[in-house]
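> quick one, structure for this:
(2 chains)
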Number of protein chains: 2
Amino acid sequence: MRILITGGTGFLGRKLALALLNKGYLTNTAGAETEIKKVVIFDKFAPQPALPDDPRLEVKTGDITNSDTINSLITEDTNLIFHLAAIVSGEAEENFDLGMQVNLFATYRLLEACRRLGSQPRIVFASSVAVFGGDIPPVIEDSTALTPQTSYGTQKAIGELLINDYSRKGFVDGRALRLPTIVVRPGKPNRAASTFASSIIREPLQGQPAICPVSPEARMWILSPRRAIQNFIHAAELPAKAWGSSRAVALPGLSISIGQMVDDLQEIGGPAVVERISWEPDPFIEKLVYGWPIDFEPKRAQAMGFVTDRSMREIIQAFIDDELNGKFAA
Amino acid sequence: MRILITGGTGFLGRKLALALLNKGYLTNTAGAETEIKKVVIFDKFAPQPALPDDPRLEVKTGDITNSDTINSLITEDTNLIFHLAAIVSGEAEENFDLGMQVNLFATYRLLEACRRLGSQPRIVFASSVAVFGGDIPPVIEDSTALTPQTSYGTQKAIGELLINDYSRKGFVDGRALRLPTIVVRPGKPNRAASTFASSIIREPLQGQPAICPVSPEARMWILSPRRAIQNFIHAAELPAKAWGSSRAVALPGLSISIGQMVDDLQEIGGPAVVERISWEPDPFIEKLVYGWPIDFEPKRAQAMGFVTDRSMREIIQAFIDDELNGKFAA
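Residues are numbered from 1 along each chain as shown, chains lettered A, B, ... in the order given. Next up is the predicted model:
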């Protein structure tokens, strides 16, 4: 089995690649195991830090808006693609054309390259809860209409529609996961408007200051990197028939206030850690955050076996274990 | 005011052009009237029969998948575009690539050409109830998720998302109308799977045989050409603020069984007319029709002032008056 991960040097792509190599196989429809012989990670830049040496791992860099590049990635023996490459919300809002080229047209070209193979490869597409916005009900159900209020959300909603239709036509075997805000992201802040939700945990635990641009009452729908990776692999292993007439699903998550997140941080890290957070409300960010969906009833995802975190404390502890070698700056 | 109608020689485009020329003005946000100085109809073929001579009318033919053609249509003085050009459901299912090129990419290029103007022109986009399918509730509400089960429906749903985002960004002032099945269409059967619903009224009233490929119990959600044209013009006249956070709306319609349609035809035309219908169930068409939405609660459209037909008898009589000069073959 040859697997391609686009956006593969991003923090989720990187974790996914390592998890796949560590697992070594995927379970197919019949329950049988298929060996993972190759994991190709593709991104604009090489991974930083470098990934461990593994003969099964291949790194490719290039521009995903280039058709020839996409066509060269989708080789005849490609069985599974995780399509994570994207221009994030804040950047897609600032640079509309780049968002359209990467989030919409590169997804289309990737689907076309897969279609040309004729082998109906499996594609797992990273969608987002940003497909919801505006006049949304307090709790979002599986049947709630997609009402994106950002270009990023619009482009992800279009990606879902294409994944559905290409699957219905038998061109690919697609699956789209609507990801909650991923908390705690390792590394540096990115250009997603939600980036602060990770910063306020990540920086203080490393002795650095962080700014919280929203009030403690603001709520978010979150999922840890660990559970996100588990869910990506589960999505790839589920048989096609498990998806029914829709190839998109909103993942389960945790609905939590920023105040609760900080309380849980204090419980684990102590008062010195949370004192590193400056509360500086930014009306632009607050307006965006208050427009996001904050609670879901993800019945379908749960019935399909997707998982979520039990608590914010579990999420914070997992970040300390996975990213800080179990130690933090008290 | 210069108006462009794409798909302008199709039966709806043609009727819309004539209705606009006949009306002579549109009412703007403030209630003031703006004179219609030019109506450009664009299509693949010239109108058949030719349209009446009118110095305000201009006919252009060409290929809407050609970028240069689109750019030349969207002149600096274009204030309003009715985007009706489309590959219909049956054909888009047979020829996937043509459907994508016309229904998705030409719509995108049209929006881009409008964006380049910088004048935020108004666009009324013909969407369809085909954006719904699969596991849908018995009555579709304004908040029901779009779940297209055809490539045509997928491409129309994507068009709606683009219209919304380009409007939100201030690139255009867009509006999308989800059209019910239009009954009674004049002319000849087309390649839409729903074409029989017009044939069974149109052909018998002209002394010709017609085949009904579904059983009398099958239901449809329909709207007459007269009301469709009224609604297109209303959509163009509504102020931007009337649309709120969604630029798409499902039009009101009539939920009616094929049996009821034929009963009403008999009431108007007599038994000889309905005897010209042969009932020949076609499992392929029946399966499609049973997958279509048949009842809506179009609260938002009604609140916005969109209209529907009072009865099937009114629809049949309007067809006889508008298309058959008031006479039919008894």
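> quick check, pLDDT for the one residue in the stretch 1-150 of chain A that gets nearest to chain B.
Minimum separation of the stretch 1-150 of chain A from chain B (C-beta to the nearest C-beta) falls at A:G134, amounting to 3.7 Å. For the C-beta atoms, the positions are set from N, CA and C on the backbone; glycine is no exception. pLDDT recorded at A:G134 is 87.
> if I pick it, what's in contact with it?
By C-beta atoms under 8 Å, 6 or more residues apart in numbering or on different chains, the contact set of A:G134 is A:T147, A:Q149, A:G291, B:S245, B:S246.
> take these and write them to JSON lines, including secondary structure and neighbour count.
Shown next, in JSON lines, are the contacts of A:G134 (DSSP: H, G, I helix; E, B strand; the rest coil; neighbours: other C-beta atoms under 10 Å in any protein chain shown):
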{"residue": "A:T147", "secondary structure": "coil", "neighbour count": "22"}
{"residue": "A:Q149", "secondary structure": "coil", "neighbour count": "22"}
{"residue": "A:G291", "secondary structure": "coil", "neighbour count": "16"}
{"residue": "B:S245", "secondary structure": "coil", "neighbour count": "13"}
{"residue": "B:S246", "secondary structure": "coil", "neighbour count": "19"}
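> now do the SS call for the residue of the stretch 1-150 of chain A closest to chain B.
Classification of A:G134 by DSSP: H, G, I helix; E, B strand; the rest coil places it in coil.
> residue contacts, the nearest residue to it once chain neighbours are set aside?
The spatial neighbour of A:G134 that comes closest, neighbours along the chain excluded (C-beta to C-beta, 6 or more residues apart in numbering or on different chains), is B:S245 at 3.7 Å. B:S245 makes contacts with A:G133, A:G134, A:D135, A:T147, A:Q149, as judged by C-beta under 8 Å, 6+ apart.
> which members of those are the farthest-apart pair?
A:D135 and A:Q149 (9.7 Å; C-beta to C-beta).
> next, the residue nearest to A:G134: phi, psi?
phi -90, psi 0 (degrees, to the nearest 10).
> and the one 3 residues further on, by the same measure?
Here the main-chain torsion angles of B:A248 (degrees, to the nearest 10) amount to phi -120, psi 140.
> contact partners of the worst-scoring helix or strand of chain A on mean pLDDT?
Across the helices and strands of chain A, mean pLDDT, DSSP states H and E gives its lowest value to helix A:283-290, namely a mean of 87. By C-beta under 8 Å, 6+ apart, the residues outside helix A:283-290 that reach it are A:A193, A:S194, A:F196, A:P213, A:V214, A:S215, A:A218, A:M220.
> just the buried ones from these, in ChimeraX syntax?
Buried residues within the contacts of helix A:283-290, by 16 or more other C-beta atoms under 10 Å in any protein chain shown, are selected in ChimeraX with:
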select /A:193,194,196,213,214,218,220
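> among the contacts of helix A:283-290, which are in strands?
Assigned to strands by DSSP state E, the following of these qualify: A:M220.
> which of the contacts of helix A:283-290 sits closest to chain B?
Looking across those and measuring by C-beta to the nearest C-beta, the closest to chain B is A:A193, at 15.5 Å.
> could I get stretch A:224-231 in CSV with only the CA atoms?
In CSV, the C-alpha atoms belonging to stretch A:224-231 read as follows (Å, rounded to 0.1, in the frame of the first residue of the first chain):
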residue,chain,number,x,y,z
SER,A,224,-6.8,17.1,20.3
PRO,A,225,-4.1,16.2,17.7
ARG,A,226,-4.0,12.6,19.1
ARG,A,227,-7.7,12.0,18.5
ALA,A,228,-7.6,13.8,15.2
ILE,A,229,-4.9,11.4,14.0
GLN,A,230,-6.9,8.4,15.3
ASN,A,231,-9.9,9.6,13.4
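> wouldn't A:R300 be in contact with A:E141 here?
No. Assessed by C-beta atoms under 8 Å, A:R300 is found out of contact with A:E141, at 9.1 Å.
> between these two, which one's more packed in?
A:R300 (18 against 14; other C-beta atoms under 10 Å in any protein chain shown).
> which element is that one on?
Applying DSSP states H and E as the criterion places A:R300 in helix A:299-303.
> C-alpha coordinates for the least confident helix or strand of chain A, PDB please?
Provided in PDB are the C-alpha atoms of helix A:283-290 (Å, rounded to 0.1, in the frame of the first residue of the first chain):
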ATOM      1  CA  PRO A 283     -12.900  42.800  18.600                       C
ATOM      2  CA  PHE A 284     -12.000  41.400  15.100                       C
ATOM      3  CA  ILE A 285     -11.100  37.900  16.600                       C
ATOM      4  CA  GLU A 286     -14.000  38.000  19.100                       C
ATOM      5  CA  LYS A 287     -16.500  38.600  16.300                       C
ATOM      6  CA  LEU A 288     -15.000  35.700  14.300                       C
ATOM      7  CA  VAL A 289     -15.000  33.300  17.300                       C
ATOM      8  CA  TYR A 290     -18.600  34.200  18.300                       C
END
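> buried residues in it?
By neighbour count with 16+ other C-beta under 10 Å, helix A:283-290 contains the buried residues A:I285, A:L288, A:V289.
> can I get these in TSV with distance to B:A30?
Converted to TSV, the buried residues of helix A:283-290 look like this (distance: C-beta to C-beta, whole Å):
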residue	distance to B:A30
A:I285	36
A:L288	33
A:V289	36
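> ok, so of the residues you listed, who is nearest chain B?
If you rank the buried residues of helix A:283-290 by distance to chain B using C-beta to the nearest C-beta, A:L288 comes first, at 13.3 Å.
> now that closest one: how far from A:E297?
Computed as C-beta to C-beta, to the nearest Å, the A:L288 to A:E297 distance reads 23 Å.
> just A:G174 next, same as before
A:G174 sits 24 Å away from A:E297, taking C-beta to C-beta as the criterion.
> ok, the two, which is more surrounded?
More crowded of A:G174 and A:E297, by other C-beta under 10 Å: A:G174, with 28 against 15.
> which non-adjacent residue is nearest A:I41?
Leaving aside its sequence neighbours, A:I41 sits nearest to A:G8 (C-beta to C-beta, 6+ apart; 2.8 Å).
> right, I mislabeled it, should have said A:T69
Spatial nearest neighbour of A:T69, chain neighbours left out: A:G62 (4.3 Å); criterion: C-beta to C-beta, 6+ apart.
> what pLDDT does the one you found get?
pLDDT at A:G62 comes out at 98.
> surely it and A:F42 touch.
Yes. Contact status for A:G62 versus A:F42: in contact at 6.8 Å, counting by C-beta under 8 Å.
> more neighbours: which of these two?
When neighbours are counted by other C-beta under 10 Å, A:G62 and A:F42 differ, and A:F42 comes out ahead with 24 against 14.
> what sits against that one?
With C-beta under 8 Å, 6+ apart, A:F42 has these contacts: A:L4, A:I5, A:T6, A:G7, A:G8, A:K60, A:T61, A:G62, A:I64, A:L73, A:A85.
> ok and the residue in the stretch 201-330 of chain A nearest chain B?
For the stretch 201-330 of chain A, C-beta to the nearest C-beta, closest residue to chain B: A:S245, 3.7 Å.
> do you know how far that residue is from A:S198?
35 Å.
> please apply the same query to A:G24.
30 Å.
> which strands and helices sit next to the helix ranked longest in chain A?
The single longest helix within chain A, with elements called by DSSP state H, is helix A:151-168. The contact analysis (3 or more C-beta pairs under 8 Å, 6 or more residues apart in numbering or on different chains; DSSP states H and E) places helix A:151-168 against helix A:89-94, helix A:96-99, helix A:107-117, strand A:122-128, strand A:173-179, strand A:248-250, helix B:151-168.
> okay, these in JSON lines with mean pLDDT and distance to B:L251 next?
Below are the helices and strands packed on helix A:151-168 laid out as JSON lines (pLDDT from 0 to 100; distance: least, C-beta to C-beta, whole Å):
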{"stretch": "helix A:89-94", "mean pLDDT": "91", "distance to B:L251": "31"}
{"stretch": "helix A:96-99", "mean pLDDT": "98", "distance to B:L251": "30"}
{"stretch": "helix A:107-117", "mean pLDDT": "98", "distance to B:L251": "29"}
{"stretch": "strand A:122-128", "mean pLDDT": "98", "distance to B:L251": "29"}
{"stretch": "strand A:173-179", "mean pLDDT": "98", "distance to B:L251": "29"}
{"stretch": "strand A:248-250", "mean pLDDT": "97", "distance to B:L251": "26"}
{"stretch": "helix B:151-168", "mean pLDDT": "98", "distance to B:L251": "13"}
